[in-house]
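> Output the structure for:
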Amino acid sequence: MNSKLKLVEQLIKEPIKVVGVTFLVTFVTLVGFQYSNERVNHRDRIESKITDTVQRLGAFLSMEKGADSKPVLSMLETEEGVEYVALLDETRTIVANQGDLVSGRAPAASVNSKPSYDYFFGGMQISRPLYLDGMSAGWLYIEANMNQAYLATTSYAAVSGLIFASVLGITIIVLRKRLTRSLEPIGEMANVMDKVVKTGNFAFRAPRFPEAGEQGKLVDRANTVLRTVEAQTVELHEKRTELANAKRLESIGLLASGVANDLNNILGPLLAFPDMVAKKLPKGDDEGRELLSMMRESASGAAQAAQDLLAMANRKAASFEMLELKPLVLKCIQSQGFQCLLDNAPGIRLETRLEEGLMLDGSAPHLRRAILNLLTNSVEAMDKEGGRLFVDASTQKYGEGESRPSGVAPGDYVVLRIRDTGKGMSKEELGHMFEPFFTTKAQGSSSSAGLGLSVVDGVAQEHGAVLNVASRKGRGTRVELYFVASKIAEQSKEETEGQDEKKKEEESLRGTERVLIVDDFEVQRRLTDRILTQQGYKTKCVPSGREALEVLAHEEFDIMVLDMIMEDGFDGLDTFTEVQKTAPGTRCVIMTGLSDSERVEEVLRLGASDCLSKPYTMEDLARAVRRGLDSPAPKPIKETDVVSG
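Residues are numbered from 1 along each chain as shown. Okay, the predicted model is just below:
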């Protein structure tokens, strides 16, 4: 028996029991009334006979001829149920009697001056005083059985009992049906609750009973509670899953950032030395320059992978500036790595539609990395023998009340759309696409590590952009990035280009100033020293921040090139802060392959001129140092200026 039937049985049992007891009490009461009526009727019949004989019996007693009264007594005895009749004189002496005593009582003890009736087990006794001419003459005493009353009552009980039993049975059947119908909503709800308890699944629902009144409303409220609990349970499960994923990603991020930091230090020489060696080659050695270019491109690819790891780990510091989107996209499309990818897929046709003057605030390296990842993903998702890649950049304005893409608020946007006709993704794959190291690509593809979309997602969040991805299996993929348009996007292209040219003219990459290089990684230290020496600078190298303080206590330098992360626990922020106390006004360029963004921002806030990302090229380092030397000297640091980290 299921929970529904059990509950209904329990609920209808009590009402049926009450009905049964009520019928029984009513039946017993009615039978009792019937018996009482039969006794009164029996007594009244005897009383009517007594009334007819009272005068005659009184006369017999007054004439002292009591013995002559037997015929009269015999007539009374013939009344149905009368067992004994006695005539008593004034002295309560029996002068005549007829029949046998039933009660076993003495008649003299039972008579008194007034008519009386008394019942005993199985019968009744009647006592009547006799008068003649107003004077007491004696008593008449009668005993009668109750057989007639018993028989009549028994017959009544049998007939009425049958009627009562029939009515009770019909009542119980009707009541049971109506109660079962009325309690069905409660039973269904109990059945659902039992399933919920057994399975722990809150998706079960009781059927609706719109015509069941309050019970139906109760079921509706219970279903509402179940829906609420189910939604909260799903939300709790999702949050637990998100928390587990966040912890897993945090662990992966820590591992990735550590690996990326080591890679950046190792890749520095591999990225910078080819340019230095190329300058020493004879003019006609084209083959040597090509080999160096290939080496540099490979190192650049490895550096890109390291940057992806850092972006995925969200540990890379980024500085924003106003950028135009079109040159960023074109630089990605024209990069040697992407062009090689297109050369290996001759059937893929690239189509671009890029508007001029699309300005946004962002980090150029991070945006280039995200765009290149999207382009690479699209090419690798298509058949090399045929496919189309569309790249579109435009402005879009959304007002209040207008239809907008998911997650996009009203406002002005710079929109980048990249669409391909590749194999697309299933719903299940779409659910995992932003997870680090998840990929649908074959092993051996140029970007099969699975960091592409994870990096794009991180860059979008970093820039406050909305990232929407739509894809269908076998129908291709469309990615849309909505960047908030720069507030000064109306600046003309000519003004921007003029400023860029002026900036380039102002930057002279050579110099003769003294540079202190502080880096705990020896190869990186020597690389930095070699690059700056070739640019004409006078350099000195130390492996730690504490040694830098000792040197600055006795020597003067125009600028310090300072690594942010050093193994002795005295990092770039600590070193810069102490240097400004020992040698106030010392300019500084910081280098980082991995850094907590807050500490990088703190160094820049306190007066460092630039943050150079590892690995860097010879030109990147020379430009950063030159820019630092040409910038104003840092202001003296007060104790209140330093934010504890």
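
> in what helix or strand does the residue most central in space within the chain lie?
In the chain, the residue lying closest to the centroid (Cα atoms, centre = their mean) is Glu235, at 1.5 Å. Using DSSP states H and E, Glu235 maps to helix 214-280.

> distance between that helix and the chain's centre?
A distance of 17 Å separates the centroid of the chain from that of helix 214-280, by Cα atoms, centre = their mean, to the nearest Å.

> ditto for stretch 617-625
Worked out by Cα atoms, centre = their mean, stretch 617-625 lies 51 Å from the chain centre.

> do the same with stretch 165-173
That offset, for stretch 165-173, works out to 53 Å (Cα atoms, centre = their mean).

> mind listing what's buried in that stretch?
Within stretch 165-173, the residues scored as buried using 16 or more other Cβ atoms under 10 Å are Leu168, Ile172. Placement of C-beta: from N, CA and C, glycine included.

> And stretch 78-98, by the same measure?
Result for stretch 78-98 [16+ other Cβ under 10 Å]: buried residues 79, 81-89, 92, 94-98.

> now for those residues, which pair is the farthest apart?
Gly81 and Asp89 (26.2 Å; Cβ to Cβ).

> export stretch 85-103 as CSV, just CAs?
Output of stretch 85-103 as CSV, limited to C-alpha atoms (Å, rounded to 0.1, in the frame of the first residue of the first chain):
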residue,chain,number,x,y,z
VAL,A,85,-53.0,-11.1,43.2
ALA,A,86,-53.6,-10.6,47.0
LEU,A,87,-56.3,-8.8,49.0
LEU,A,88,-55.1,-7.4,52.4
ASP,A,89,-57.3,-6.0,55.2
GLU,A,90,-56.5,-2.9,57.3
THR,A,91,-54.2,-5.0,59.4
ARG,A,92,-52.2,-5.9,56.2
THR,A,93,-53.3,-9.5,56.6
ILE,A,94,-53.9,-11.4,53.4
VAL,A,95,-57.6,-12.3,53.3
ALA,A,96,-57.5,-13.7,49.8
ASN,A,97,-55.0,-14.4,47.1
GLN,A,98,-54.6,-16.0,43.7
GLY,A,99,-51.4,-17.2,41.9
ASP,A,100,-47.8,-17.5,43.0
LEU,A,101,-45.4,-14.8,44.2
VAL,A,102,-42.7,-13.9,41.7
SER,A,103,-40.6,-11.4,43.7
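
> and for that stretch, what are the contacting residues?
Contacts of stretch 85-103 with the rest of the structure, by Cβ atoms under 8 Å, 6 or more residues apart in numbering, involve 57, 60-61, 66-67, 69-70, 73-74, 76-77, 82-84, 107-108, 111, 120, 122-123, 125, 136-145.

> could you give me the average pLDDT of that stretch?
On average, the pLDDT along stretch 85-103 is 82.

> and what of stretch 409-428?
88.

> got the buried residues for that stretch?
Buried-residue list, stretch 409-428, by 16+ other Cβ under 10 Å: 413-425.

> Of the residues you listed, which is the nearest to Asp44?
Met425 (104.7 Å).

> got the contact list for the closest residue to that closest one other than its chain neighbours?
Distances taken as Cβ to Cβ, 6 or more residues apart in numbering put Ser471 closest to Met425, at 4.3 Å, once the chain neighbours are dropped. By Cβ under 8 Å, 6+ apart, the contact set of Ser471 is Gly424, Met425, Glu429, Leu430, Thr477, Arg478.

> tally of neighbours for Ile531?
Per other Cβ atoms under 10 Å, the neighbour tally for Ile531 reads 26.

> And for Gly357?
If we define neighbours as other Cβ under 10 Å, then Gly357 has 15 of them.

> Let me know the secondary structure of it.
coil (DSSP: H, G, I helix; E, B strand; the rest coil).

> Next, work out how far apart it and His463 are.
19 Å (Cβ to Cβ, to the nearest Å).

> got it, and Gln215?
57 Å.

> More neighbours: which of these two?
His463 (21 against 17).

> in this structure, which helix or strand is least confident?
helix 493-506 (a mean of 48; mean pLDDT, DSSP states H and E).

> could you point out which element follows that helix?
strand 514-518.

> can you list contacts of that following strand?
525, 528-529, 532, 537-545, 547-548, 551-552, 556-563, 566, 575, 625.

> Please flag which of those residues sit within strands.
Lys538, Thr539, Lys540, Cys541, Val542, Ile559, Met560, Val561, Leu562, Asp563 (DSSP state E).

> Kindly indicate which of those lies nearest Ile371.
Asp563 (29.4 Å).

> sorry, back to before: just the buried residues of stretch 78-98 now: which is nearest Ser609?
Gly81 (134.1 Å).

> Check whether the closest one really touches Ala152, as I assumed.
No: between Gly81 and Ala152 there is no contact under Cβ atoms under 8 Å: 11.4 Å.

> Just list the residues touching the nearest residue to Ser182 once chain neighbours are set aside, thanks.
Nearest in space to Ser182, with sequence neighbours left out and distances taken as Cβ to Cβ, 6+ apart, is Gln215 at 6.6 Å. By Cβ under 8 Å, 6+ apart, the contact set of Gln215 is Ser182, Leu183, Pro185, Ile186, Phe209.

> and if you look at Thr582?
Thr582 neighbours (Cβ under 8 Å, 6+ apart): Leu549, Leu552, Ala553.

> mind pulling up the phi and psi values for it?
phi -80, psi -50 (degrees, to the nearest 10).

> Keeping just the C-alphas, turn stretch 392-409 into CSV.
This file holds the C-alpha atoms of stretch 392-409, laid out as CSV (Å, rounded to 0.1, in the frame of the first residue of the first chain):
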residue,chain,number,x,y,z
ASP,A,392,33.8,42.2,-38.6
ALA,A,393,34.3,45.3,-36.4
SER,A,394,31.7,48.0,-36.0
THR,A,395,29.9,50.3,-33.6
GLN,A,396,26.6,49.5,-32.0
LYS,A,397,24.3,51.6,-29.8
TYR,A,398,21.6,50.1,-27.6
GLY,A,399,18.9,52.3,-26.0
GLU,A,400,16.6,51.7,-23.1
GLY,A,401,13.8,49.3,-24.0
GLU,A,402,15.5,48.1,-27.2
SER,A,403,16.2,44.4,-27.9
ARG,A,404,19.8,43.7,-26.8
PRO,A,405,22.1,40.6,-26.9
SER,A,406,22.4,38.6,-23.7
GLY,A,407,24.3,40.5,-21.0
VAL,A,408,24.6,43.8,-22.9
ALA,A,409,23.4,46.9,-21.1
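
> Name the residues of it that come out as buried.
Asp392, Ala393, Tyr398, Arg404, Val408.

> Let me know whether the third one touches Val408 as I believe.
This means Tyr398. Yes: judged on Cβ under 8 Å, Tyr398 makes contact with Val408 at a distance of 6.2 Å.

> What segments of the stretch 1-150 of the chain are strands?
Remark: strands assigned in the stretch 1-150 of the chain by DSSP state E, counting those that start in this stretch are 82-88, 94-99, 116-120, 123-132, 135-145.

> for those, which one sits closest to Leu175?
strand 116-120 (40.2 Å).

> neighbouring strands for the closest one, and are they parallel or not?
Using DSSP bridges, the strands paired with strand 116-120 in its sheet are strand 123-132 (antiparallel).

> any idea of the mean pLDDT for the partner strand?
82.

> Can you list the neighbours in contact with that strand?
39, 42-43, 46-47, 50, 54-55, 57-59, 61-62, 83, 102-103, 105, 110-119, 136-146.

> Please spell out the ChimeraX selection for the buried subset of those residues.
Those of these that count as buried under 16+ other Cβ under 10 Å are selected in ChimeraX with:
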select :39,42,43,46,50,54,57,58,59,61,62,83,102,103,110,111,137,138,139,140,141,142,143,144,145,146
